[in-house]
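In: no sequence for this one, just the structure:
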Ligand code: BTN
């Protein structure tokens, strides 16, 4: 199976108008986030520009973590210029788009762990990092970074083996990186256009969360909360029922489910 991408292969027959109308591809790169931010500065890049790397040498994760991004995985950053009101929905959009693409291309069942990890059978297959620049009431840019473990053998990465998986490990065979990439861009565009048309994607995101109703631990900055994940608000924040009965709203954090996956 052809396992490397090119701008031409991605844009050829791509059924989108906005997302992916410009594709910048690097076989090797530090991080697609760095290039996307540079391109987006001053709105220099057309909306929908996608930066893709065959592998990243300094992939960025949430909360200043690193993201392992070797050959065979998908690493992309998408440049959007949404309104401020749409910013909280980008987390929902990205995780739903990943879930839909994985299910469509592989038939595997994927789920979302708050705020925006995508899991298969309790193990992380995709991470999403969103970096926005907002000045006053104007969004300079929003960058959605998505990393999917497509064709990598987790046994080669013992440090993440207990908590991570890949599509090829789940299927015991390789998946077309091109099919996953194109489907992802199509799903992102569909959801983004729905948002711009005033439709809500919150309900679907909420219903796909594997977190709700579960005993969880959430790290948010220096604080650690435990309790039952009761619900999520429309802005994407988590409503956590703590053991003393109080309800805490957590805007950003990292959740561990009760089964410690
Ligand atoms: C996380 O779960 O911590 C988020 C990981 C996000 C990884 C992606 S890969 C493409 C883009 N470029 C990066 O350097 N990071 C994001």
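Out: Alright, I've got the coordinates. Note that this is a predicted model, so its numbers are computed, not measured.
In: Closest residue of the stretch 51-200 of the chain to the ligand?
Out: residue 127 (2.4 Å; C-beta to the nearest ligand atom). The way it works is simple: take the backbone N, C-alpha and C, and place the C-beta from them, glycine included.
In: what about that residue, which SS state?
Out: In three-state terms, and counting by DSSP: H, G, I helix; E, B strand; the rest coil, residue 127 is strand.
In: burial count for the nearest residue to residue 243 once chain neighbours are set aside?
Out: Spatial nearest neighbour of residue 243, excluding adjacent residues (C-beta to C-beta, 6 or more residues apart in numbering): residue 227 at 6.1 Å. Using other C-beta atoms under 10 Å, residue 227 has 20 neighbouring residues.
In: Please point out which parts of whatever helix or strand residue 227 lives in sit buried.
Out: Using DSSP states H and E, residue 227 maps to strand 223-232. Residues of strand 223-232 classed as buried: 225, 227-229, 232 (neighbour count, 16 or more other C-beta atoms under 10 Å).
In: Dump the residues you listed to a markdown table, plus pLDDT.
Out: A markdown table is the format used below for the buried residues of strand 223-232 (pLDDT from 0 to 100):
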| residue | pLDDT |
| --- | --- |
| 225 | 95 |
| 227 | 95 |
| 228 | 96 |
| 229 | 96 |
| 232 | 97 |
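In: which ones are touching residue 254?
Out: For residue 254, the contact set (C-beta atoms under 8 Å, 6 or more residues apart in numbering) comprises 62-63, 218-220.
In: Pairing partners for it in the sheet, please.
Out: residue 219 (DSSP bridges).
In: Average pLDDT for stretch 246-256, rounded please.
Out: Mean pLDDT, computed over stretch 246-256, is 93.
In: Strand partners (parallel or antiparallel) of the strand holding residue 227?
Out: In the sheet, strand 223-232 lines up against strand 215-220 (antiparallel), strand 238-242 (antiparallel) (DSSP bridges).
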